[in-house]
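Student: no sequence for this one, just the structure:
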């Protein structure tokens, strides 16, 4: 079966490609990530993937160039729903491309990340598969996440610090309030009661 593998970045692809190849599946990589911001981040991730794909003899399809406007237009004004829109946008494009180019099924490297909402992604992928008449190949690659990240470091691949969207970049710079130690909270509560 011809399998299209949506790829968010080279480091996340390592364990996914290895897993599929171990199963006897030779995927074709697919780059479609209009959520990534800024443009320099987009280019760095894309260029890193192109080089990595060459080094492991992975066929790679690149569908678009920088598409931030489409992403922002889709999430405005309901920014809290951005992940749902992002998964839907990327999986629908992957399923459409798969159907139009003779692929039987698709999956995504997003399923390697323990930081993504797997249930929400699976739902979006299954809807996209049904809409375009291709199969969604579900794989939870996350047990191999650390292994893939360690390998990416060994290879000297560019390693990003956020999912790619402007909102996750904002989140990583927000200062989170430090949690109080439980004994301090209990003591303060007890003092208020006295």
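Tutor: Looks like it came in fine. This structure is a prediction, so every number in the text was calculated from the model and none was measured. Numbers count the residues shown, from 1 in each chain.
Student: which residues touch the residue sitting nearest the centre point of the chain?
Tutor: Centroid-nearest residue in the chain, with Cα atoms, centre = their mean: residue 110, separated by 3.3 Å. Shown in contact with residue 110 (Cβ atoms under 8 Å, 6 or more residues apart in numbering): 6, 8, 12, 87, 90, 116, 121. C-betas here are computed from N, CA, C, even on glycine.
Student: switch the cut-off to 6 Å
Tutor: Residue 110 makes contacts with 8, 116, 121, as judged by Cβ atoms under 6 Å, 6 or more residues apart in numbering.
Student: and it, which of the three is it?
Tutor: What DSSP: H, G, I helix; E, B strand; the rest coil gives for residue 110 is helix.
Student: From residue 174, how far out is it?
Tutor: 23 Å (Cβ to Cβ, to the nearest Å).
Student: And the helices in this protein, which stretches?
Tutor: With helices called from DSSP state H, the chain shows them at 10-22, 39-55, 68-75, 82-100, 118-132, 145-155, 166-173, 182-193.
Student: Residue 2: which of those is closest?
Tutor: Nearest of these to residue 2, taken as Cβ to Cβ: helix 82-100 at 8.2 Å.
Student: who does the closest one touch, helix- and strand-wise?
Tutor: helix 68-75, strand 105-108, helix 118-132 (3 or more Cβ pairs under 6 Å, 6 or more residues apart in numbering; DSSP states H and E).
Student: Try it again at 7 Å.
Tutor: strand 3-6, helix 68-75, strand 105-108, helix 118-132 (3 or more Cβ pairs under 7 Å, 6 or more residues apart in numbering; DSSP states H and E).
Student: To residue 138, which of those lies closest?
Tutor: Nearest of those (Cβ to Cβ): helix 118-132, 6.3 Å.
Student: any idea of the mean pLDDT in that closest one?
Tutor: Mean pLDDT, helix 118-132: 98.
Student: Could you list the buried residues of it?
Tutor: 121-122, 124-125, 127-129, 132 (16 or more other Cβ atoms under 10 Å).
Student: Which residues are in contact with residue 111?
Tutor: Taking Cβ atoms under 7 Å, 6 or more residues apart in numbering, we find residue 111 in contact with 118, 121, 139-142.
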